[in-house]
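K.L.:
Dropping the sequence and predicted coords here.
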Amino acid sequence: MWTYFAAVAIGIVFILWILQIFFLKYGYEKMKIQEVERVGGVLKSAYLQDSSQLTQKINELSVVNDFYVMMEVNRTHILFSPDQDNALPVFSYQNQIPKLKEKLFASKDSQASASYKFSTSFEKYNTLAYGKFLDKTEGNEAIIYIFSPLYPVTSTISILKDQFINVTLIALLLTFIIAGYLANKIARPIKDITYTAKQMGTGDYNVTFRGNSFSEINNLANTLNVTAYELGMADTRQKDLIANVSHDLKTPLTMVRSYAEMIRDLSGENPEKRKTHLNVIIDESIRMSNLVSDMATISAMRTAKIELKKTVFDLSTITASILASYEILESQEGYVFKFTHPKECKVYADEDRIKQVIANLTGNAIKYCGTDKLVKVNIRKVGKKYRLEVSDNGPGIKAEELPHVWDRYYKTSSNYVRATSGTGLGLSIVKEILTLHHAEYGVNSKIDKGSTFWFELESIKPQKS
Ligand code: ADP
């Protein structure tokens, strides 16, 4: 950091040196010539327009610019000079006039001007001689001569040089101080953050990134802290997932193995017992396959960016088809399904995924229904949305557990012992799908009274054909 700062400081000082000293030396004369030419132009137009003003104009301009001006009309010298400048070596200037004149007449151009540098015996420095035709018509010739001392710039340059040495030293000192300060403020915390990040790389997510008063560093540290937290959570979730999955698979697998052994060793010959045992094996394998497919859905939703295939469809139609698949429960096991809905409830969503949501919610209502075995599904319009509610009169969920039922692998405390059929993934799939739809959802529940799970989807106006 210090090297870069020093390079920048030295670079700037160097450019200043070049600009000031180099260009001062060579630019000064150029500037003088330009100035003389400009004044020549001004005087010419003054002469052509209103020659009565000319004398005043010449006086003005020569004082301002420190020029010595002579004018020649019809080959007679008329002299103008700055009043205060008696010391000017007028004669040596006049000596230059034949040469200037010669140069001017040598040129065919009536606009011509001539200029050159010469030295006088009076002054150590050079003088610039300049001549220009004010009028070139025969018999009316008028020429203006301007002499401008070219004061030496060497003394100025040597003063500047001294100053630049000071400026360079001060710049380097400031660079050193500022670079040191910034290194302390930026580079050090970045080093610390890098060290902490390496530590995090080894799997230690309990690290804290420390920022400082610089908002950028602070933002970086905060972002990394959030990242560390998220990674830690993801890590824990992954570990939990593996633990849960292996636990959840272990029980049914043990059951399958023990019942298969039982059939082999004991019940093989007894058709009734064998049937019961085989049914256990079938139930357990269904459970395992449900678990595996739920996990597949969840991981697909988490890892890949799911694209919803949204279409317009009728919410009541798909609900009715799901409820129809429970018909066997109605006819053989005494379940009662009550479904109320408006005539038409068109929504715009991913049909298959919403089907899965409804199936999971009704499936839960069946699993956790009360002794009345009643499951109610109701669709109604709320504002511009359709709200679907699935209610049961079951055990309900404790208020403090309500927010957690949407978590993966969460089973309420009352249910943990009892439920053998649940995977604990159903509601987290529901949450995932509804979140993708930006849909609102929720649950109301009262212990021993029952639960109502609901969600809302945007309604689409029935299209008129
Ligand atoms: P599971 O496969 O265990 O049902 P879910 O994610 O579907 O997993 O549900 C999570 C937990 O929420 C369930 O284990 C249960 O404790 C509770 N739960 C879900 N639906 C209901 C309901 N209708 N009534 C009471 N408890 C419910």
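P.N.:
Okay, I see it.

K.L.:
Residue 402 is in contact with residue 443, isn't it?
P.N.:
Yes - using C-beta atoms under 8 Å, residue 402 makes contact with residue 443 at a distance of 6.0 Å. (C-beta placed from N, C-alpha, C; glycine too.)

K.L.:
is it true that residue 361 touches residue 390?
P.N.:
Yes - Residue 361 lies in contact with residue 390 (C-beta under 8 Å); the separation is 4.3 Å.

K.L.:
More neighbours: which of the two?
P.N.:
Remark: of residue 361 and residue 390, residue 361 carries more neighbours, 28 against 24, as counted by other C-beta atoms under 10 Å.

K.L.:
Identify the residue nearest the residue in the stretch 201-350 of the chain that the ligand sits nearest to in space, chain neighbours excluded?
P.N.:
With C-beta to the nearest ligand atom, the shortest gap between the stretch 201-350 of the chain and the ligand falls at residue 294, namely 7.9 Å. Closest residue in space to residue 294, ignoring its immediate chain neighbours: residue 425 at 4.0 Å, by C-beta to C-beta, 6 or more residues apart in numbering.

K.L.:
and if you look at residue 192?
P.N.:
residue 210 (6.3 Å).

K.L.:
Quick check: the one you found is in a helix.
P.N.:
No - using DSSP: H, G, I helix; E, B strand; the rest coil, the assignment for residue 210 is coil, not a helix.

K.L.:
isn't it right next to residue 218, touching?
P.N.:
No - counting by C-beta under 8 Å, residue 210 stays clear of residue 218, with 9.3 Å between them.

K.L.:
The residue nearest to residue 294: what's it in contact with?
P.N.:
Counting by C-beta atoms under 8 Å, 6 or more residues apart in numbering, residue 425 touches 291, 294, 295, 297, 298, 408, 409.

K.L.:
For it, give me the backbone phi and psi.
P.N.:
Dihedral pair for residue 425: phi -110, psi -20, per degrees, to the nearest 10.

K.L.:
how much space is there between it and residue 369?
P.N.:
Using C-beta to C-beta, to the nearest Å, residue 425 is found at 20 Å from residue 369.

K.L.:
mind checking which helix or strand of the protein has the lowest mean pLDDT?
P.N.:
Every helix and strand in the chain was compared by mean pLDDT, DSSP states H and E; the lowest is helix 413-416, with a mean of 58.

K.L.:
domain ranges for the protein?
P.N.:
Domain segmentation of the chain under automatic domain parsing yields 2-156, 215-302, 310-458.

K.L.:
Most tightly packed of those?
P.N.:
domain 310-458 (a mean of 17; mean count of other C-beta atoms under 10 Å).

K.L.:
Can you give the distance of the longest helix belonging to the chain from its chain's centre?
P.N.:
Assignment by DSSP state H gives helix 215-265 as the longest helix of the chain. Taking C-alpha atoms, centre = their mean, to the nearest Å, one finds helix 215-265 lying 34 Å from the centre of the chain it belongs to.

K.L.:
and that helix, what does it pack onto?
P.N.:
In this structure, helix 215-265 makes packing contacts with helix 188-201, helix 271-303, judged by 3 or more C-beta pairs under 8 Å, 6 or more residues apart in numbering; DSSP states H and E.

K.L.:
Cool, thanks, talk later.
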